[in-house]
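# Output the structure for:
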Amino acid sequence: MINIDDFKKVEIRAGKILTAEKVPETGKLLKLSVDFAETREVAAPDGTKKLEPFVRQIISGISAYFPDPATLVGRTFMFVTNLEPRTIKGFESQGMILALKTEAGAFSLLEPNSTIPAGAVAG
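Numbering: from 1, shown residues only. Now for the predicted structure:
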């Protein structure tokens, strides 16, 4: 078990899936591009710095539940966003999508209602 202080360290955010595709040569992985309404500072050609949108890549073993990954595009789900990046089959994963599964095989991604925007933080 973890204590409440450890649980408070977990950052859960809403993220909107922009693209979803199967990872080649795997039977269960999907590569997701996810918008969390984040920006990153980048250097412009003139040496100044500017903010630009930052989209995270999430690799997830949910392909069996989504034979057509396009059905995920445009939908918002809940993700853990403060995990250390991890390389899976050569792709960096920058978070984890949250899902539920029963012993009987029922499966569901955690999907907030439509009023919750990308980037919203669970609290």
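# Which residue ranges of this protein form helices?
Counting by DSSP state H, the segments of the chain that form helices are 4-8.
# pull the longest strand from it.
strand 30-43 (DSSP state E).
# roughly how far out does that strand sit from the chain middle?
Its chain's C-alpha centre and that of strand 30-43 lie 10 Å apart, by C-alpha atoms, centre = their mean, to the nearest Å.
# Paired strands for it, with orientation please.
strand 12-22 (antiparallel), strand 49-60 (antiparallel) (DSSP bridges).
# Could you report the distance from residue 86 to residue 34?
As defined by C-beta to C-beta, to the nearest Å, residue 86 lies at a distance of 15 Å from residue 34. To be clear about C-beta, it is placed using only N, CA and C from the backbone, and glycine gets the same treatment.
# ok, those two, which is more surrounded?
Set side by side, residue 86 and residue 34 give different neighbour counts by other C-beta atoms under 10 Å, the larger being at residue 34 (26 against 12).
# The more buried one and residue 95 touch, don't they?
Yes - using C-beta atoms under 8 Å, residue 34 is in contact with residue 95, at 7.2 Å.
# any common contacting residues for the two?
Counting by C-beta atoms under 8 Å, 6 or more residues apart in numbering, the common neighbours of residue 34 and residue 95 are 15, 56, 58, 79.
# didn't the first one look like it was pressed against residue 120?
No - taking C-beta under 8 Å as the definition, residue 15 is not a contact partner of residue 120, at 9.4 Å.
# ok, these two, which is more surrounded?
More crowded of residue 15 and residue 120, by other C-beta under 10 Å: residue 15, with 26 against 17.
# Check the gap between residue 51 and residue 40 for me.
The gap separating residue 51 from residue 40 is 7 Å, by C-beta to C-beta.
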